[in-house]
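1. need the 3D shape of this:
(2 chains)
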Amino acid sequence: MSVIEQLVSGLGMPNFVILIPEIIILLTAFTVFILELFTKNRKVISSISILGLVASGGFILVIMLGILKLILTPITLKEASSNPFYSFIINNFLENFVTLYGLYVVDLFSLVFKLFLVVGTIFVFIHLRPYLEAKQTYYAEFYYLILFSLVGMFIMVSSPNLISFYIGLELMSVSLYVLIGLYRKDYKSKEGAYKYLIIGGTGTAIVSYAIALLYGRTGTFDFKEIAQSIITLESVDVGLIGGLVLLLVGLALKASAVPFHHWAPDAYQGATTPITAFLAVPAKIATYAIILRIVVEAFPSLTETWGFAWALFAAASMILGNLVALRQRNVKRMLAYSSIAHTGYIVAALAAPTGMGFAALAFYSIVYLFMGAGAFLLLASLEKNKGWNNTLDDFKGLAKREPIIALLMLIFMFSLLGIPPTVGFIGKLGVFLALIGYEVWWLAVVLVITSIVSAGYYLKVVANMYMYEPSNNSKINVSLVEKLSLGVLAILVLILGIYPTQIWTLTTTISSLLMAGVGR
Amino acid sequence: MSVEFVKADIPWITITILLPLVAAAVLMFLNERFAKPVSIAVSTIIFIISSYMLLTYDPSSYKIQFYEKYEWIPWLGVSYEVGVDALSLTLYWLTALSFLVAFIWSTNINKRVKEYFVAFLILEAGSLGVFVAWDLVFFYIFWEAILIPMFLIIGVWGYAERIYAATKFFIYTFFGSLFLLIGVIGLYVATYFQTGELSTSYFSLINTHLPFTLEIIFFLLLALGFAIKVPMWPFHTWLPDAHVQAPTAGSVILAAVLLKMGTYGFVRFSLPWFPEASKYFVPVMFTLGVIAIIYTAMMAIAQTHIKRLIAYSSVSHMGFVTIGTFALNDFGVNGAIITMISHGLTSAALFLAAGFIYERTHTYEMSKLGGMAKFVPVFAVLFMISAMASVGLPGLSGFVGEFLSLLGTFKVSILTATLAGLSLIVGAAYTLWLYRKTMFEEELLDEERLHKWKQLKDVSTSEFLSFLPLVIFMFVIGIYPTWWVNLIQKTTEAILFKIRLLGG
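-> Take a look at the predicted model:
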């Protein structure tokens, strides 16, 4: 009997139903992988990829809404189980949601993040094809590598266990190394990929060492069991501290928090711009999600220390990211630093390890999807045009040459800056509420001051677009599809800025469920 | 203190906030020739609604009228809550009036016409919202949202140094508002710890009893936000730049509406929320107010640029509002509120006058002007009335407010009142100086200018129409101030209620 057969006969069949979204994406990835050998038709490959994502995302959405309905409305179990849809959800997602023998968990927390990861990736795909066509390159590798990377992120946000976390992290990172370097015509692409490979590899090594140390001290990989065993430990020793510190460093490196951020600007600038969007948004959101899960599930007794460590990372990222961004002339690189600063804003919420803080973190990372992806993908659309190098000079007079694109960029810039009525403000408001509610005044003040600094560079982009005459008047080509997709993102930014209630409800629910340990 | 609410039968306030936004959205898709008529129509409707509210407001007791409230984010205790008391209402009405004037004036804009009116419409929605929002999250959203259109208005339609001025304006006010935000959140959290009620409503936050030190901290955080917006000395340096570079209509809105937000903040939030801290900071506020009045009046005398002069005079007038507010008695606060309205009217009119001059002579430099009165007589009269109202000539609006402010201050600090009163003379000096240098001294004109002035056109219909309401209301307030004082009396008492309780 093989190992698998032994497992199945001993422990029973794992619940594969809850893995359907992952399975769909994997199937899509393999389909693209094989199809690429036979066809060079970009449209087919791109549509299949998007279709797979839509199917997977739709499934997640339906399940998520079902779970929310069951949790938030007083609906008796009997009523619910008479309905086949609800009984399906109860059987699979409320009772049997840990699968693969305890290595994989599909709770509301992971579903919410998966949904937004899929949404972000769909937007990346929409912009990827026109971009590659304009650059006259063709690599189907982009499509299946992104899908594999996405599966890695899924595994990460669904991991209840250091080992599955590690596997997810690796699947994500290795695919990303290749993705960044894939645009072989460009020297910068190779440089960025190489840097990311070296530093990311170091990060992985650090994380694996951290896992080894934690396992050595606590005897388990499972987050919940680690939490149990830390409480029962009589003294804190080198093994535990070392493990913790290394884990922190590894995670900070993946989230590109200062002082472990050096790979980020080069990797972001080197990658083809749609990939930068993928790298800067979904990849980071997955990292924030796992940071949140680890702190709540594995180290609930150490949230203070953990929170303080992240507060330091946050302060450093905010200060350095914003100050350096101020000096950039290249908008893509500037946004790379701005993304480091946003890492700061987001993880700052961990300094207040309360339900409010976790909800704020989840909220900000989710809404960062719309504004961050919007800004980077907008650059991707512009970059297709000959002679466009993303410098501030290129942006001069954009409002005259392409008023709609300029307006969208304006919305994204003000949202990243955090001015109401955009959603960036609500994100910062949540972090403020958490920090001040927990009386972490110093970090709130750092956040305020660095936000003001950030006005310096976001306004520069807006000023260049609106207040200067164009330096050349050649026509800018942005296809209707791209405009529509960016428009959807911008409208989401505005609507969520005025009516964030639904997403707040969602993040508050997942943060309280996560803290209560319900769903595990 | 419990507050009574009178629910609105028809959601007038929400209509007036949404109308400009809808109009802006529609204009985006229309041809640009529709921009101006649509904007004027919208702002006229809003002005009529606000005047209707002003006339039907019941001033006999303190009630929040035209009140609307809807749940918004229940998890944070945020709701959409709007309504007016007399303070809100007068400034709300002033905002509606100023935008009407600004739109009528903006005939001769020919650069990106559509975007211009869209920006102004969004600005109008935000500005109206600031004065009527009672939920602090919404207040803050309106307060900050106006930065975006104003930044563009100065930066796109301004003069040579516009980008620098726009950025300076934005960063200055953004700086202040973020501290304001921290203060409000701090108070919100403190209220939650004290009462267990999660609410961002003004009426929940007002019931919090803070320890003295906390009150001081929150007062300072809020005051920083407001003081930059007022602007109070020494935070005023963004204002002259912004005014000089802004287009005429932008200056009008900046002076008539945006500056009032700061003083509104002091009266509305600082006084009722932090009575002890307000009392404690009276000497500081008096000092800053007096410095603002005297120092900026001196600065104004030294200016040769028309708009810069008016900008400094604005800072000086806002000093009267500051000392009136912090006199912490009925006269002072009544005076402060009336000065706000009056300054809204006069500064708007003066900036229109500056715009008038610039459009005809293409210069703001006083040395290059002079002797125009004879050639543009109607304008000269309108300008004269505005200047006199600004100086504080009895019978016009400026006098009432400043007199009451001084009276209130006199009861508290004779020195402050005297110093501020003396500077009225300086105020008269620079305003008359401005008038003489531009309108009179015909005998000093050289041939070239004389020739040019002879071809000057007097005010056009649209220019006259934009001056007219301002001038009328200068007289209305000046001749019959009792109506206005009666209107705001109960509100002033409600604002000072907690301070009265402290005694002393």
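
2. in chain A, which residue sits closest to chain B?
-> Of all residues in chain A, residue A:420 sits closest to chain B, at 3.9 Å by C-beta to the nearest C-beta. The C-beta positions use only the backbone N, C-alpha and C, and glycine is treated the same way.

3. name the SS class of that residue, please.
-> Following DSSP: H, G, I helix; E, B strand; the rest coil, we place residue A:420 in the coil state.

4. that one: neighbouring residues, count only.
-> 27 (other C-beta atoms under 10 Å in any protein chain shown).

5. does it touch residue B:140 like I think?
-> Yes - with contacts counted by C-beta atoms under 8 Å, residue A:420 reaches residue B:140, the gap being 6.8 Å.

6. mind saving the C-alpha coords of the helix or strand containing residue A:7 as CSV?
-> Here residue A:7 sits within helix A:3-11, counting by DSSP states H and E. The C-alpha trace of helix A:3-11 is given here as CSV (Å, rounded to 0.1, in the frame of the first residue of the first chain):
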residue,chain,number,x,y,z
VAL,A,3,1.5,6.2,1.7
ILE,A,4,-1.5,7.9,0.3
GLU,A,5,-3.6,4.8,0.4
GLN,A,6,-2.6,4.2,4.0
LEU,A,7,-3.6,7.7,4.9
VAL,A,8,-6.9,7.5,3.3
SER,A,9,-7.8,4.1,4.8
GLY,A,10,-6.6,5.4,8.2
LEU,A,11,-7.9,8.9,8.4
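
7. what's the first helix or strand after it?
-> helix A:20-38.

8. which helix or strand contains the closest residue to residue B:215 other than its chain neighbours?
-> Spatially, and ignoring its direct neighbours in sequence, residue B:215 is nearest to residue B:277 (4.4 Å; C-beta to C-beta, 6 or more residues apart in numbering or on different chains). Using DSSP H and E, residue B:277 falls within helix B:275-280.

9. tell me which strands and helices that helix is in contact with?
-> With contacts defined as 3 or more C-beta pairs under 8 Å, 6 or more residues apart in numbering or on different chains; DSSP states H and E, helix B:275-280 has these neighbours: helix B:212-229, helix B:481-502.

10. most packed of the ones you listed?
-> Highest mean neighbour count of these: helix B:212-229, a mean of 21 (counted as mean count of other C-beta atoms under 10 Å in any protein chain shown).

11. show the average pLDDT along that one.
-> The pLDDT scores in helix B:212-229 average 93.

12. likewise for stretch B:20-29?
-> On average, stretch B:20-29 scores 93.

13. is chain A within reach of that stretch?
-> No - Stretch B:20-29 does not reach chain A (C-beta under 8 Å from any C-beta of the partner chain); its nearest approach is 8.7 Å.

14. pull out the buried positions in that stretch.
-> By 16 or more other C-beta atoms under 10 Å in any protein chain shown, the buried positions in stretch B:20-29 come out as B:20, B:23, B:24, B:27.

15. what residues does it touch?
-> Stretch B:20-29 is contacted from outside by B:34-35, B:38-39, B:42-43, B:46, B:114, B:117-118, B:121-122, B:124-125, B:128, using C-beta atoms under 8 Å, 6 or more residues apart in numbering or on different chains.

16. would CSV of the helices and strands packed on helix B:275-280 with distance to residue B:383 be doable?
-> As requested, the helices and strands packed on helix B:275-280 are exported to CSV (distance: least, C-beta to C-beta, whole Å):
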stretch, distance to residue B:383
helix B:212-229, 28
helix B:481-502, 23
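
17. what's the burial count for whatever residue of the stretch 301-450 of chain B ends up closest to chain A?
-> Proximity of the stretch 301-450 of chain B to chain A (C-beta to the nearest C-beta) peaks at residue B:307, 19.4 Å away. Neighbourhood size, residue B:307 [other C-beta under 10 Å]: 25.

18. wait, what's in contact with it?
-> Residue B:307 makes contact with B:243, B:244, B:251, B:351, B:354, B:364, according to C-beta under 8 Å, 6+ apart.

19. give the rounded mean pLDDT of the helix or strand it falls within.
-> Using DSSP H and E, residue B:307 maps to helix B:306-326. Averaging pLDDT along helix B:306-326 gives 92.

20. so that helix versus helix B:481-502, what angle?
-> If you take axes from the mean of the first three to the mean of the last three C-alpha atoms, to 10 degrees, helix B:306-326 sits at 50 degrees to helix B:481-502.

21. which positions in the stretch 1-150 of chain B make contact with chain A?
-> The stretch 1-150 of chain B has residues B:72-76, B:115, B:137, B:140-142, B:144-145, B:147-148 near chain A, with proximity defined as C-beta under 8 Å from any C-beta.

22. now flag whichever of those is closest to residue B:379.
-> residue B:115 (29.5 Å; C-beta to C-beta).

23. ok, the closest one touching residue B:156?
-> Yes - if you go by C-beta under 8 Å, residue B:115 and residue B:156 touch, sitting 7.3 Å apart.

24. between the two, what contacts are shared?
-> Listed contacts common to residue B:115 and residue B:156 are nil; contacts here mean C-beta under 8 Å, 6+ apart.

25. mind listing residues that contact stretch A:37-56?
-> A:20-22, A:24-25, A:27-29, A:31-32, A:35-36, A:118, A:121-122, A:125-126, A:128-129, A:132-133, A:138, A:140, A:143-144, A:146-147, A:150.

26. next, the buried residues of that stretch.
-> Applying 16+ other C-beta under 10 Å to stretch A:37-56 flags A:42, A:45, A:46, A:49, A:50, A:52, A:53, A:55, A:56 as buried.

27. same thing with stretch A:442-462?
-> So, applying 16+ other C-beta under 10 Å, buried residues of stretch A:442-462: A:443-444, A:446-462.

28. keep those residues, but drop any that are not near chain B.
-> A:444, A:448, A:451, A:452, A:455, A:456, A:459, A:462.

29. got those as TSV, with secondary structure and pLDDT columns?
-> Listed next are those as TSV, based on DSSP: H, G, I helix; E, B strand; the rest coil; pLDDT from 0 to 100:
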residue	secondary structure	pLDDT
A:444	helix	93
A:448	helix	92
A:451	helix	93
A:452	helix	92
A:455	helix	93
A:456	helix	92
A:459	helix	94
A:462	helix	94
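
30. buried sites along stretch A:301-318?
-> Within stretch A:301-318, the residues that count as buried by 16+ other C-beta under 10 Å are A:302-303, A:306-318.

31. now the strands for the chain?
-> Reading this off chain A. With DSSP state E, the ranges of strands along chain A come out as A:98-99, A:104-105.

32. I was after chain B.
-> Under DSSP E, chain B gives strands at B:4-7, B:63-73, B:78-84.

33. list the buried ones in the helix holding residue B:277?
-> Counting neighbours by 16+ other C-beta under 10 Å, the buried set in helix B:275-280 is B:275, B:276, B:277, B:278.

34. nearest to residue B:257, of those?
-> residue B:278 (24.5 Å).

35. for that closest one, give me its contacts.
-> Contacts of residue B:278 by C-beta under 8 Å, 6+ apart are B:219, B:270, B:271, B:326, B:328, B:499.
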